[in-house]
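Asks: Attaching a predicted model along with its sequence, questions to come.
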Amino acid sequence: GYGYTRSDPLSGRPWPAMPTFLQQQAQALAAQAGYPGFDPDVCLINCYAVGAKMGLHHDADERDKTAPIVSVSLGLPCSFVWGGLQRSEPVRSLRLEHGDVLVWGGASRMVFHGVRPLPAGQHHLLGAERWNLTFRMAQRPYRG
Ligand code: MD6
Ligand code: FE
């Protein structure tokens, strides 16, 4: 699982600062999608090896659910699963490729979603992996 902590529970060291370039890109992408004023305080990085998946979930650990999430996919393509506001609702799949960005907010902020097992492949930069970066406002209030 995951939780928001000031330091890395494995090393005990504080998390590194978010690179300014990435923070500014996330702000610009959110603004372009209709969420001005987005200012992420967290970037969660998930690294998938071939066969890795993420079960159906929704993102509920952020304080202010009116803030969107900016999701950047890198490396191998995956099948992203997108359902409804209830876990039991039917799901759709969409393919996310290297460089794809999802800005996720408003009425769909609490939609259940997941990632199907990563198919084998080779990416020219990331090899046999997929990386997903999600920029979030975990602690800050959002004033859009
Ligand atoms: C992933 N992403 O794409 C997992 N959550 O590997 C997420 O769980 C996610 O992409 C909230 C908003 C956007 C996301
Ligand atoms: Fe999620």
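Replies: Cool, got the structure. Ligands and ions are numbered 1, 2, ... in the order given.
Asks: Residue 104: what's its closest spatial neighbour, skipping adjacent residues?
Replies: residue 69 (4.6 Å; Cβ to Cβ, 6 or more residues apart in numbering). Using the backbone N, CA and C atoms, a C-beta is placed for each residue, glycine as well.
Asks: Break down the chain into its helices, ranges please.
Replies: Using DSSP state H, the helices of the chain run over residues 20-32.
Asks: Quick one: name the residues of it near ligand 1.
Replies: Proximity of the chain to ligand 1, by Cβ under 6 Å from any ligand atom, involves residues 46, 54, 59, 69, 71, 80, 102, 104, 113, 115, 132, 134.
Asks: out of the residues you listed, which one sits closest to residue 123?
Replies: residue 132 (13.3 Å; Cβ to Cβ).
Asks: any idea what sits nearest that closest one, other than its immediate chain neighbours?
Replies: Counting by Cβ to Cβ, 6+ apart, the residue nearest residue 132 is residue 46, at 4.7 Å.
Asks: What residues does the residue nearest to residue 104 make contact with?
Replies: Listed by Cβ atoms under 8 Å, 6 or more residues apart in numbering, the contact partners of residue 69 are 59, 62, 103-105, 109, 134-136.
Asks: picking up where we left off before, and of the residues of the chain next to ligand 1, the nearest to residue 89?
Replies: Ranked by distance to residue 89 (Cβ to Cβ), the residues of the chain next to ligand 1 are led by residue 113 at 11.3 Å.
Asks: so the closest one sits right up against residue 78, yeah?
Replies: No: between residue 113 and residue 78 there is no contact under Cβ atoms under 8 Å: 11.7 Å.
Asks: Show me where the protein dips below the pLDDT cut-off.
Replies: Applying pLDDT under 70 to the chain picks out residues 1.
Asks: Lovely, talk soon.
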